[in-house]
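In: no FASTA, just this:
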DNA sequence: TTGTCAAGAACGAACGTTCGTTTTATCCTT
DNA sequence: AAGGATAAAACGAACGTTCGTTCTTGACAA
């Protein structure tokens, strides 16, 4: 038997995924042809189809990686105790999303945000991926509800609002800011931190 | 001459756009075939190609309509004087986006948010559409900077943060919340309003 | 150590299908 | 009756995928 090493197989798989991710981040899943992927990965059709049964399976592999990376980033940021204030927390999350420490070796400008919105549109038409996305969101949401409850318990935030509503809003901020990175180009994360700080300063006169 | 009335022509064009928008909201631009559009619009290829030179032109027409509708919604919400607080302002914007008073006769659950994220991905690969999106964003941004400056001038918000940063953050909230509507289904806008209120309440102890 | 060989890995031309679009024929309004 | 609006069929191109072949690898006999 002349099988090649497992590291070799893994490296080939990575090579394909990375090439595909570059194509997908640039052009989206359905405007990217398999020939584009083959060219970018510098492999033949036969080679690629040895590792992935179909284009759809390749897409699903990328989507899963992206969802996992984002989920981990959001979850681990919420794990600190005591949780930092929203402006600091959000700054940290977005910094990680933009620098992609997430283990994804994709390169290119803001490629994770670009892939992220491609993934969003794909979940609209693939029920399996939609379920995966919702499941990842549920975990992030739960973690961030814990953060909000800590704010409220510490008296830092009014507690007459369901923590789930606040968590959803905070996640929306992160999602929207990430989308902006993809759409309008990279911007310092401090912009978001400052904006949140200013919004957080608007509550003082409410009691009068 | 056997020309048909202008109303007929306009109605046919609308019929095509509406059918295409339904397809695009459901499956995205590139996973929707022209045959899908023809079927949904209940017209033949010859008829559709009389009104739109190509699929790309059809896509651009839809993208432009969506961008215009969103821009108008965001801009008009910022036109009130004095501007309502962020939670109320945002609630109003999202209400309009979700009910689609915007003149777009597309139907279906949260179809404008769904189309919106499809449009986002399309701007990643089409420089013309990207420019249109950036231009629309610039107008919205300018309007919202005005709102933030009003907050600061009224002493409602700390004024040591650039208004542009706050405006960007507020737009991110709206974008993210709209994306959530597309991804996870409709949720009462009051969730966002509550979440913002809670975030706005976090500033009071800062001086101590 | 070296040469041989089978099996796995990779190649790339070719397949059938589906795509967006064009052409041709018919209908219908004026 | 005339001619634009629509339908229906057909087109070439490009798609995702397959498959016969070639190249490469590592075990093992000598």
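Out: That came in fine, so what should we check first? These figures come from a predicted structure and were not determined experimentally.
In: Report the separation between the most centrally placed residue in chain A and residue B:71.
Out: In chain A, the C-alpha nearest the mean C-alpha coordinate belongs to residue A:70, at 3.1 Å (Cα atoms, centre = their mean). The spacing between residue A:70 and residue B:71, counted by Cβ to Cβ, to the nearest Å, is 28 Å. (Each C-beta comes from the backbone N, C-alpha and C, glycine too.)
In: elements contacting the longest helix anywhere in chain A?
Out: The longest helix of chain A (DSSP state H) is helix A:127-153. With contacts taken as 3 or more Cβ pairs under 8 Å, 6 or more residues apart in numbering or on different chains; DSSP states H and E, helix A:127-153 sits against helix A:55-77, helix A:111-123, helix A:163-184, helix B:163-184.
In: Close to DNA strand C: what parts of chain A are there?
Out: A:1-4, A:8-9, A:12, A:42-47, A:49-50 (Cβ under 7 Å from any atom of the strand).
In: Which of the residues you listed fall in helices?
Out: Among the residues of chain A next to DNA strand C, the ones falling in helices (DSSP H) are A:8, A:9, A:12, A:45, A:46, A:47, A:49, A:50.
In: Which secondary structure element of chain A has the lowest mean pLDDT?
Out: Of all helical and strand segments in chain A, the minimum by mean pLDDT, DSSP states H and E falls on helix A:6-27, at a mean of 93.
In: What angle do helix A:55-77 and it make with each other?
Out: 90 degrees (axes from the mean of the first three to the mean of the last three Cα atoms, to 10 degrees).
In: Tell me which residues of helix A:6-27 come out buried.
Out: A:12, A:15-27 (16 or more other Cβ atoms under 10 Å in any protein chain shown).
In: What is the most widely separated pair among those?
Out: Of all pairs drawn from the buried residues of helix A:6-27, the one with the longest distance (Cβ to Cβ) is A:12 and A:27, at 22.8 Å.
In: Backbone dihedrals for residue A:83, both of them.
Out: Main-chain torsions, residue A:83, degrees, to the nearest 10: phi -70, psi 140.
In: Nearest to DNA strand C: which residue in chain A?
Out: Closest residue of chain A to DNA strand C, Cβ to the nearest atom of the strand: residue A:46 (2.2 Å).
In: For residue A:58, the count of nearby residues, please.
Out: 23 (other Cβ atoms under 10 Å in any protein chain shown).
In: Pick the one among the buried residues of helix A:6-27 closest to residue B:125.
Out: In terms of Cβ to Cβ, no member of the buried residues of helix A:6-27 lies closer to residue B:125 than residue A:27, at 5.2 Å.
In: hmm, back to that, among the ones in helices among the residues of chain A next to DNA strand C, which two are most distant?
Out: Most distant of these, by Cβ to Cβ, are A:8 and A:45, 19.3 Å apart.
In: what's the spacing between residue A:167 and DNA strand D?
Out: In this view, residue A:167 and DNA strand D are 38 Å apart by Cβ to the nearest atom of the strand, to the nearest Å.
In: Quick check: closest non-adjacent residue to that residue.
Out: Using Cβ to Cβ, 6 or more residues apart in numbering or on different chains and skipping residues adjacent in sequence, the residue nearest residue A:167 is residue A:144, 4.0 Å away.
In: now do residue A:146
Out: Take residue A:146 and drop its neighbours on the chain: the residue closest to it by Cβ to Cβ, 6+ apart is residue A:78, 6.7 Å away.
In: got the contact list for the one you found?
Out: By Cβ atoms under 8 Å, 6 or more residues apart in numbering or on different chains, the contact set of residue A:78 is A:89, A:140, A:143, A:144, A:146, A:147.
In: Could you do residue A:59 as well?
Out: Contacts of residue A:59 (Cβ under 8 Å, 6+ apart): A:24, A:29, A:122.
In: same thing but at 6 Å, please
Out: The contact partners of residue A:59, taken as Cβ atoms under 6 Å, 6 or more residues apart in numbering or on different chains, are residue A:29.
In: hang on, the earlier thing: what's the neighbour count on the residue of chain A closest to DNA strand C?
Out: Residues near residue A:46, counting by other Cβ under 10 Å, number 8.
In: sec struct for residue A:155, please.
Out: Here residue A:155 takes the coil state, with states given by DSSP: H, G, I helix; E, B strand; the rest coil.
In: give me the number of residues near it?
Out: The number of residues near residue A:155, taken as other Cβ under 10 Å, comes to 10.
In: where's it relative to residue A:161, distance?
Out: Here residue A:155 is placed at a distance of 14 Å from residue A:161 (Cβ to Cβ).
In: Over to residue A:61?
Out: Counting by Cβ to Cβ, the gap from residue A:61 to residue A:161 is 40 Å.
In: With residue A:41 instead?
Out: Applying Cβ to Cβ, the value for residue A:41 to residue A:161 is 49 Å.
In: what angle sits between the longest helix of chain A and helix A:163-184?
Out: On the basis of the same axes, to 10 degrees, helix A:127-153 is oriented at 120 degrees to helix A:163-184.
In: relative orientation of helix A:127-153 and helix A:111-123 in degrees?
Out: With the same axes, to 10 degrees as the basis, helix A:127-153 and helix A:111-123 are set at 120 degrees to each other.
In: re the thing from before, which one of the buried residues of helix A:6-27 is nearest residue A:181?
Out: For the buried residues of helix A:6-27, the closest approach to residue A:181 (Cβ to Cβ) belongs to residue A:25, at 12.2 Å.
In: The helices and strands packed on helix A:127-153 into TSV, with extra columns for mean pLDDT?
Out: Shown next, in TSV, are those (pLDDT from 0 to 100):
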stretch	mean pLDDT
helix A:55-77	97
helix A:111-123	97
helix A:163-184	98
helix B:163-184	98
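In: Of these, which is nearest residue B:93?
Out: Closest to residue B:93 of those, according to Cβ to Cβ: helix B:163-184, at 5.7 Å.
In: Which strands or helices does that closest one pack on?
Out: Packed against helix B:163-184 by the contact rule (3 or more Cβ pairs under 6 Å, 6 or more residues apart in numbering or on different chains; DSSP states H and E) you find helix A:163-184, helix A:189-200, helix B:86-99, helix B:111-123, helix B:127-153.
In: Tabulate those (TSV), appending mean neighbour count.
Out: Listed next are the helices and strands packed on helix B:163-184 as TSV, based on neighbours: other Cβ atoms under 10 Å in any protein chain shown:
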stretch	mean neighbour count
helix A:163-184	24
helix A:189-200	24
helix B:86-99	21
helix B:111-123	24
helix B:127-153	17
